[in-house]
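Enquirer: okay, predicted coordinates and the sequence, questions at the end:
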Amino acid sequence: MPNTPTTPAPKVLVPMLILAVLFFLFGFVTWLNGALIPFLQIVCQLNEFQALLVTFVFYIAYTVMAIPMSFLLNYLGYKKGMLAGLLIMAFGALLFIPAAKIAAYQLFLLALFMLGTGLTILQTATNPYLVCIGPRDSAAMRISVMGLVNKAAGIVVPMVFATLVLTNIEQYSADALALLPAAEQQVLLAELSNRLVLPYIYMTLMLLLLSVFIWFAPLPELPDQQNDRGIELRAVKAVLAYPQLVLGVLALFCYVGVEVIAGDTIGLYGKQLGVAHFGVLTSYTMGFMVLGYLLGVLLIPRYLSQGRALQLSTVAGVLLSLGVLFGATESQQLSAWLFGWLGIPLVPDTVVFVALLGLANALVWPAVWPLALEGLGKLTATGSALLIMGIAGGAVLPLSYGYLAEQSGNSQGAYWILIPAYLYILFYAMKGHKLRRWS
């Protein structure tokens, strides 16, 4: 029997404030990977391809678990579903402790998969919630506000991680370790790995406390979703008839891939170019994303439609990708112009172009969601689950980048993989989101 609605339609402000807490958490957990990848590369003695398995297992969880988590979400409802996601994430964070104790890369990957699984149900719940709690034409603005919070966490977390874990990391470089006997190398690497224990104890406790907060939070169900209790295969088949949704899934696949490449490979790339503070380079990308989200909040929908924002973002992505590919790695002129007056350490200009991709990427996610879900009605939850599966791009494209970089020995040249991804998103922005039937 379907539940009878017992709560009024939620006001926008209170759910937005509660969801802001969750989106900060999303950013904290997700963008920790950018600093974690070069760290685990040292601890577990990995090549570039192996190190990027971190992004693969984290983001592949969104594809593997999206439909099962949507079953759970429709059974539990939005609020209890969010609670379940937080508890799954707490278990994943807890797994980091034994993984760090024995420096087992496979266990690190399992822990990351569990974190990704918890985030899957949270993302499946929160994104359609944001779309549905207010006018559709301002949905991108609301998602931009959440993106602002999410990426603010992405600025903070690499700095915190660097302070707690990456202090004096130079003594663990490959050249420094090569001078030591094998036994001493293992002792040093075990010492470095154990630096993860305390931060992940804190993360586990934070997730458990947040679970309690969500349990008591005044976050009602959406009235028009309360009768949709149990996703069925026929619902999945039904949403496949909506071209704007299916093409939107592919757009998100490409988008999340380029977003993760910009955020999670910048540390590896900077490390290869000899940047001393490579562990905090993800903060550069996130800083530009925050700027992009601020522009979204100010401009959408008053001055800029969701579709036009998507078009401008993808054109910028193509141009910046060309800057990464053809920029001079020895030049720091762009870096000096952008960062010199702020006192921020300078980096090669090609690294700056990678970071600037954050600005181009910022408005893609908030624009695609409302465009893809438009007209789905009762199928919104199912459509959301399919869109979440598009996050698999964060697993496939960065790993493909790592393979290309490892095989060619040219990390800069491997960034060509960005170009076709941005061109497809541009197609969706120009035409794909307008389609309403398959011809």
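Expert: Sure, I can see it.
Enquirer: could you pull out the helices for the stretch 151-300 of the chain?
Expert: Counting by DSSP state H, counting those that start in this stretch, the stretch 151-300 of the chain has these helices, from start to end: 174-178, 182-193, 197-216, 233-239, 243-264, 266-272, 281-299.
Enquirer: can you tell me the average pLDDT over the last one?
Expert: Mean per-residue pLDDT for helix 281-299: 85.
Enquirer: tell me the buried residues in that helix?
Expert: 281-297, 299 (16 or more other CB atoms under 10 Å). Bear in mind the C-beta positions are built from the backbone N, C-alpha and C, glycine included.
Enquirer: looking at the helices of the stretch 151-300 of the chain, which is closest to Gly340?
Expert: Among those, helix 281-299 comes nearest to Gly340, with 14.0 Å by CB to CB.
Enquirer: what helices or strands is the closest one leaning on?
Expert: Judged by 3 or more CB pairs under 8 Å, 6 or more residues apart in numbering; DSSP states H and E, helix 281-299 is in contact with helix 33-43, helix 139-165, helix 243-264, helix 266-272, helix 306-326, helix 349-361.
Enquirer: show me the shaky parts of the stretch 101-250 of the chain.
Expert: For the stretch 101-250 of the chain, residues meeting the criterion pLDDT under 70 lie at 127-128, 131-134, 136-140, 170-179, 219-233.
Enquirer: mind putting the helices of the stretch 151-300 of the chain in CSV, distance to Val352 included?
Expert: What follows is the helices of the stretch 151-300 of the chain, written out as CSV (distance: least, CB to CB, whole Å):
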stretch, distance to Val352
helix 174-178, 26
helix 182-193, 29
helix 197-216, 29
helix 233-239, 40
helix 243-264, 12
helix 266-272, 10
helix 281-299, 8
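Enquirer: which of these sits closest to Ala153?
Expert: helix 281-299 (8.1 Å).
Enquirer: starting at the chain centroid, how far to the closest one?
Expert: Centroid separation for helix 281-299 versus its chain: 14 Å, with CA atoms, centre = their mean, to the nearest Å.
Enquirer: what angle do that helix and helix 306-326 make?
Expert: Orientation check (axes from the mean of the first three to the mean of the last three CA atoms, to 10 degrees): helix 281-299 against helix 306-326 gives 150 degrees.
Enquirer: how far away from the center of its chain is stretch 310-319?
Expert: 19 Å.
Enquirer: so what touches that stretch?
Expert: 258, 292, 304, 357, 359-364, 367-368, 371, 418-419, 422-423, 425-426, 428-430, 433 (CB atoms under 8 Å, 6 or more residues apart in numbering).
Enquirer: what's the answer for stretch 322-339, then?
Expert: With contact meaning CB under 8 Å, 6+ apart, stretch 322-339 is reached by 273, 345-354, 356-357, 412-413, 415-416, 418-419.
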